[in-house]
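In: Prediction below, plus the sequence it came from.
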Amino acid sequence: MNLQNIGCNYLEASARKRLEGILDPGSFRELCPPTEKRISPHLHYFDIPVAFDDGVVTGEGTLDGKTVAVIAQEGRFMGGAIGEVHSAKIVGLLRRCLAKKPDAVLFLFDSGGVRLQEANAGELGVAEIIRAILDVRAAGIRVFGLVGGSCGAYGGAGIITGCCDALAVSEEGRIGVSGPEVIETNMGVEVFDSRDRALVWRTFGGKNRYLQGQVRELVEDSMESFRQAAIRLLSLKPDYSLDQLEAEQKQLEERAEKFAGCRDAVDVWRKLGYPSPENIPSLTVAELKSEGGAK
Amino acid sequence: MEHLEYRMEAPDGKTVAVKPFSLVGVVASANLEVMLEIVPSEKACVFLIDTAAKGFEASWQAVVRDFMDRWKPAGLKVSINDNAASPSVVSLRLDQAYEALTGE
Amino acid sequence: MNADHKATERRCRLERGAAFSDGKFVTPEKMTALLETVIECGDIVCVEGDNQKQADFLSECLAEMNPAKVNHLHMVLSTISLGSQLDIFEKGIADLVDFSFSGPQGARMARMAATGKVKIGNIHTYLELYSRYFTDLCPDVACIAAEMADREGNLYTGENTEDTPVIAEATAFKSGLVIAQVNKIVDKVPRVDIPAGWVDYICGSPRPFHLEPLFTRNPAEVTEIMILMAMMTMKGIYAKYLPRSLNHGVGFNTAAIELLLPTYGEELGLKGRACLHWLLNPHPTMIPAIESGFVKTIYTVGSEIGMRDYINTKPDIFPIGPDGSMRSNRAFGQMCGHYATDMFIGASLQIDPQGNSSTATADRIAGFGGAPNFGCDPRGRRHCSPAWLLAGKESYEGTGAPPRGRRLVVQIVETFHGKMEPTFVESLDAWELQKKAGFELPPIMVYGDDITHLVTEEGIANLLLCRTPEEREQAVRGVAGYTPMGLARDRQAVENLRDRGIIQRAEDLGIRKNQATRDLLAARNIKDLVRWSDGLYNPPAKFRNW
């Protein structure tokens, strides 16, 4: 380890900085910029400060020369939670794609789900985002998700990741629906100890999601890794046919059956054929990929 | 939330911006976002502050006055969403935003 | 003249104790009964409440004694950190205490002192307290903690040796009784830290002794403000005085400096010229600096959870014995910190206009720990070093005082802490605590006239260049930022101090605020530290997400 390895990490960067780091230099143009001050109409009722961009950056740019529409959530503002304006910006950008027809959409997730203060507006927003993504995919435009922020993609955001063509996720990134604390509260600490951070990342983290087949690209926590992974995703053929959806459904059913009874991700990895599954959390991405094990 | 507005005259001030606006910081706990825009027709600098920490008007005034003394800017519209950041963090963000706006 | 009373008494105690022990060895269920038998009313009892290591099993047994049989005990201990160490007073077994640090139990201490449940003799620094173990506070009975004992009773205290040697020697060499709880009993100890001849009773305790991870600071929590302050300190103080030896008081501000040594420190040309010899606990945040070749030696007052494997591979740096494991020693470390360091740098909770600093609040008795021992000018020092001479020159030149050196004592604080609590105040809470608790002096941690430099986000106040109390007061107010105390500055006087270089702002030091980013840190999270250590650093679970 030396100073060169530290690199520019994705996890700590702001939403705008992530876009800057991933897209081709100077190509990013923001739509609905913060100067338009499209702020939340709800938060003042709670005495909560607003953000000028309501916690999401939307716009367009190029990636390796190809046109992309981009969405980047700011996890540090209210946990990236989805409110009315936040979701409207995303839906607006997605609908714009039907006219503009970019090569792909990049969705940089960093959200715990619906913004509770905005309740129904947030829930509707999530539903509208899902519908808009599926419309974009049906029009032959691919939608790729990047997950690597401190909030991960939980709740409604977690569900939205499942609607994407493919995902690039770092090991720090997490994908889930119910959060660890919710699981513990409802099922008891013996079932899930939300304070056991190693358990939380083993379960929801990018590594496990990758090994479970949910994530296409597992990457290191750096701008360059995410950029390269996004470029690789761009080369994937779009497939939003009924055959593809049925195949995905079959895969999910087989997965549920194969790993039924597994208490912990380590059991899943053992079943996948990894000889020393307890070591997997300590491996780097490169080490894991060369580790082998039947997949 | 408390809303504060200040209009600071700057007859001898000057600001040359390299982009239309700058935005630094994030509205997280003990943090704030500061957005700077140029108002071409104006000399005075306007500060529009929305803060979650009530009762700190004296320190906001001092921070704003020191910012004006430090940079001697002109024609700025400064918009702030503050989540109880300490005055030193506010000061830092104002400087970062100004450096980003003027390319210093 | 008869002067063997204590030795005779010792024989009687051991005779009574024989009923509860098998030679030196006592089983856990019999420990409380043993203690009741060998301890006498009015005894001075020391229980190892070190900074990190706690003789927690023995502490609980002491609190379980029958107050009808044993009472009026005078407790002496470095750190009051466990509930049982105060329960003993609630139950009327002990009534007087002399100690050094009570941070973890500070609020309860304050309540108990206020209601008379506990009487405080004095609050000391660590080294002061150890010194009194050899004069008027010699323990009659000492309860210590060790990793292992062998069948003869030799003890191995390992990397967390801390206070044990000074307690054991003081007690054993004044006919006192030494009672040890050990994590395990083995055939052969890796090395003998306390010889069997000094130990009277040994108990294999039901659980390993408690250890607090006090010195682990997660790089993920280092903020830009901390980085800005660290940069100013490194440029305005480290690079100027080039202190060869130093102590970092634990905290995020010093952790930021440690993480900036391989990057900003390298840029400033510090490597090989400053920060060579450290008096420190093994901070994990030192790993990048060690790996980058900045550090020649670190003498340790204790250890830190997760660092053992890393430390044991570096015998050139850490105090590793011929057996291959470390032995820390707080008494020697404090001595080293007092006389053999050019610089101390640490934080505080409150600072007044004269620069006096304190961590005391009206409702918490935190005590002193080691800070005043480092945070003072050691006027008994005679050997020279470049930093010591330069600080002395700046302090005394032109004052008519004889030429002498001076230790750099740096206080580094943010102007606000917690929830917009000002660090800078007109009057310290320590005065209020003095009244409430009935102390003879207000508990001041570092006196203003011992501080050479005060660093805040607003800049550096070079107090050692001030020649009058008024100058020093304006210099303090001049870096107190937007606190009410800072806003009460004489603006003209502060401008004047800045013109004379007594106050230096970031711009005066040539530092631009947008340089102060987390990209400058050599490690940004715990995982980076593990990678720097080639996997040898093993962080405790609460710092891991893998």
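Out: Cool, got the structure. Numbering: from 1, shown residues only, chains lettered A, B, ... in the order given.
In: quick one, what contacts residue C:314?
Out: C:290, C:320 (Cβ atoms under 8 Å, 6 or more residues apart in numbering or on different chains). Glycine gets a C-beta too; all of them are placed from N, C-alpha and C.
In: quick one: low-confidence ranges for the chain?
Out: Here I'm looking at chain A. Applying pLDDT under 70 to chain A flags the ranges A:4-7, A:292-295.
In: can you give me the helices in it?
Out: Along chain A, counting by DSSP state H, helices occupy A:3-6, A:15-22, A:84-100, A:119-138, A:155-161, A:180-187, A:197-204, A:206-211, A:223-234, A:242-258, A:265-271, A:285-291.
In: now the angle from the fourth one to helix A:84-100?
Out: What that stands for is helix A:119-138. Helix A:119-138 runs at 20 degrees relative to helix A:84-100, counting by axes from the mean of the first three to the mean of the last three Cα atoms, to 10 degrees.
In: buried set for helix A:119-138?
Out: Going by neighbour count (16 or more other Cβ atoms under 10 Å in any protein chain shown), the buried part of helix A:119-138 is A:121-126, A:128-130, A:132-133, A:136-137.
In: what's the closest of those to chain C?
Out: The closest of the buried residues of helix A:119-138 to chain C turns out to be residue A:126 (Cβ to the nearest Cβ; 26.7 Å).
In: Provide a list of residues in contact with that closest one.
Out: A:82, A:87, A:113, A:114, A:156, A:157, A:159, A:160.
In: how far away is it from residue A:161?
Out: Noted for residue A:126: a distance of 12 Å to residue A:161, by Cβ to Cβ, to the nearest Å.
In: picking up where we left off before, which of the buried residues of helix A:119-138 lies closest to chain B?
Out: Using Cβ to the nearest Cβ, those come closest to chain B at residue A:122, 17.5 Å.
In: dump the residue contacts of the closest one.
Out: Taking Cβ under 8 Å, 6+ apart, we find residue A:122 in contact with A:81, A:82, A:83, A:84, A:87, A:114, A:115, A:116, A:156.
In: Neighbour count added to those, as JSON lines?
Out: Below are the contacts of residue A:122 laid out as JSON lines (neighbours: other Cβ atoms under 10 Å in any protein chain shown):
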{"residue": "A:81", "neighbour count": "24"}
{"residue": "A:82", "neighbour count": "30"}
{"residue": "A:83", "neighbour count": "28"}
{"residue": "A:84", "neighbour count": "19"}
{"residue": "A:87", "neighbour count": "26"}
{"residue": "A:114", "neighbour count": "23"}
{"residue": "A:115", "neighbour count": "30"}
{"residue": "A:116", "neighbour count": "14"}
{"residue": "A:156", "neighbour count": "23"}
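In: could I get those as CSV with distance to residue C:25?
Out: Shown next, in CSV, are the contacts of residue A:122 (distance: Cβ to Cβ, whole Å):
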residue, distance to residue C:25
A:81, 61
A:82, 65
A:83, 67
A:84, 72
A:87, 70
A:114, 63
A:115, 63
A:116, 60
A:156, 63
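In: Find the nearest non-adjacent residue to residue C:516, please.
Out: Leaving aside its chain neighbours, residue C:516 sits nearest to residue C:228 (3.8 Å; criterion: Cβ to Cβ, 6 or more residues apart in numbering or on different chains).
In: Quick one: neighbours of the one you found, just the number.
Out: A count of neighbours around residue C:228, defined by other Cβ atoms under 10 Å in any protein chain shown, yields 22.
In: now do residue C:422
Out: Residue C:422, neighbours per other Cβ under 10 Å, totals 20.
In: for residue C:36, same thing?
Out: Neighbour number of residue C:36 under other Cβ under 10 Å is 20.
In: OK, contacts around it?
Out: With Cβ under 8 Å, 6+ apart, residue C:36 has these contacts: C:65, C:66, C:69, C:70.
In: Quick one: name the residues of chain C near chain A.
Out: In this structure, chain C approaches chain A at residues C:262-263, C:291-292, C:518-519, C:521-524, C:528, C:531-532, C:534-535, C:541-542, C:544-546, judged by Cβ under 8 Å from any Cβ of the partner chain.
In: Tell me which of the residues you listed fall in strands.
Out: Among those, none falls in strands (DSSP state E).
In: Check these for burial and list the buried ones.
Out: When those are checked for burial by 16+ other Cβ under 10 Å, the buried set is C:262-263, C:291-292, C:518, C:521-524, C:528, C:531-532, C:544-546.
In: residue ranges of the strands in chain B, please?
Out: So, for chain B - with DSSP E - the strands run B:2-8, B:21-25, B:31-38, B:45-51, B:76-83.
In: cool, the stretch 101-250 of chain C as well?
Out: C:119-123, C:141-150, C:155-156, C:177-186, C:201-204, C:210-211, C:245-248 (DSSP state E, counting those that start in this stretch).
In: Let me see the contact set for the residue of the stretch 201-350 of chain C found nearest chain B.
Out: Per Cβ to the nearest Cβ, residue C:225 is where the stretch 201-350 of chain C lies closest to chain B, at 6.1 Å. Residues near residue C:225 by Cβ under 8 Å, 6+ apart: B:88, B:89, B:92, C:414, C:457, C:516.
In: pLDDT score for it?
Out: If you check residue C:225, the pLDDT there is 95.
In: Likewise for residue C:360?
Out: Here the pLDDT value assigned to residue C:360 is 86.
In: Could you measure from it over to chain A?
Out: To chain A, residue C:360 is 33 Å away according to Cβ to the nearest Cβ, to the nearest Å.
In: quick one, phi/psi of that residue?
Out: Main-chain torsions, residue C:360, degrees, to the nearest 10: phi -80, psi 140.
In: what does chain B have sitting close to chain A?
Out: Applying Cβ under 8 Å from any Cβ, we find that chain B lies next to chain A at B:1, B:20-21, B:23, B:26-28, B:31, B:33, B:35, B:37, B:50-52, B:79, B:81-83.
In: follow-up on the earlier one: could you point out which of the strands of chain B sits nearest residue A:69?
Out: strand B:21-25 (20.9 Å; Cβ to Cβ).
In: and the angle for that closest one with strand B:31-38?
Out: Counting by the same axes, to 10 degrees, strand B:21-25 lies at 170 degrees to strand B:31-38.
In: near chain C, anything from strand B:21-25?
Out: No: shown here: strand B:21-25 not in contact with chain C (Cβ under 8 Å from any Cβ), separated by at least 8.9 Å.
In: Next, the angle strand B:76-83 makes with that strand.
Out: Going by the same axes, to 10 degrees, strand B:21-25 makes 20 degrees with strand B:76-83.
In: Quick check: buried residues in strand B:21-25?
Out: B:21, B:22, B:23, B:24, B:25.
In: Report the contact partners of residue C:341.
Out: C:243, C:245, C:246, C:247, C:277, C:279, C:374, C:407.
In: For it, which non-adjacent residue is closest in space?
Out: Distances taken as Cβ to Cβ, 6+ apart place residue C:245 nearest to residue C:341, at 4.6 Å, with adjacent residues excluded.
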